[in-house]
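Q: build me a structure from this.
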Amino acid sequence: MGIPVIKEEHYYTLEEYLAIEEVAEERHEYHNGKIIAMAGGTANHSLICNSLGTAIENALIRDNKDCAVFNSDMKVWVDKQNHGLYPDVSVICGDIEYHKNSESVLSNPMLLIEVLSKSTKQYDKSDKFELYRSIPSFKEYMIVYQTVAKVQTWYKEAEDLWRIGNAEGLDQTIRLHSIPCEIALKDIYRSVKDLKELNALELIY
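A: Numbering: from 1, shown residues only. As a prediction, the model looks like this:
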C-alpha cells in the first residue's frame, strides 16, 4: 500500500483511521472523523520523553507496583469526544484495556504526560487536557517544559477538584499522586545539554 492521501473534508471512521496510521509515514490524531497531522518532535523532546519513561518505570519497579508505562507509539481513546490522541507517556495500573480490541489504542490511562513543544504548547495545556479529563480512569496530568527545567502536574482529588503541583530547577523533585512516587527533575532532563535559565521565560516551552 502506498502513502495514504488524507482528504480534509472526508469523515473517517475509526477503523479507516487505524488502517491509515498503520502505513502512514507521519502520525495523526483522530478528531471525531477528521484526521489531523501531528508536528514532528525535536531531539530534546525525544530525549526527555525517553528519560521520563525510564524514571517512572524505575520508580514502579522499585515500589513493586502493577503498572505499565507506554511511550508515544500508543494512542489513547477519548470516548466521549470520539478522539484518538497520542500522549508522550501513558501509565496504566492494573488491567490494560484497549478500545474495540485494538492493541494500539488504550482506553483506561491513569497518568498522561505531555512534553511541551513550541507548536503544541497551548493545545497541550488547554484543549488536550480538557479532552483527557473526560476519560473516566484519568487521574493525573503532567506537562514537562522542554527548554527549562520545569514540570507541572494536575491531580484529580475529587470530581471537578484538581490539585496543582509545580517543580522548577534540576535540584527539585515532582510528586506524582496517582502512582504514587517522586521523580527527580535531574533524571527527567539528564540528557538535555542546552536548558535555559528559569528566569528566561519569554519563549519557553
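Q: can you show me the helices along the chain?
A: 14-23, 43-62, 121-125, 127-132, 185-188 (DSSP state H).
Q: deepest-packed of the ones you listed, please.
A: With neighbours taken as mean count of other CB atoms under 10 Å, these reach their highest mean count in helix 185-188, at a mean of 20. (Each C-beta comes from the backbone N, C-alpha and C, glycine too.)
Q: mean confidence for that one?
A: Taken as a whole, helix 185-188 has an average pLDDT of 97.
Q: cool, stretch 27-37 as well?
A: 94.
Q: ends of it, how far apart?
A: 6 Å (CA to CA, to the nearest Å).
Q: coming back round to it: can the helices of the chain go into CSV with extra columns for distance to Val69?
A: Output for these, formatted as CSV (distance: least, CB to CB, whole Å):
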stretch, distance to Val69
helix 14-23, 21
helix 43-62, 5
helix 121-125, 19
helix 127-132, 17
helix 185-188, 14
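Q: of all those, which one is nearest Ile92?
A: Proximity to Ile92 (CB to CB) singles out helix 43-62 among the helices of the chain, at 11.0 Å.
Q: between the helices of the chain, which gets nearest to Lys100?
A: Of the helices of the chain, nearest to Lys100 by CB to CB is helix 14-23, at 7.2 Å.
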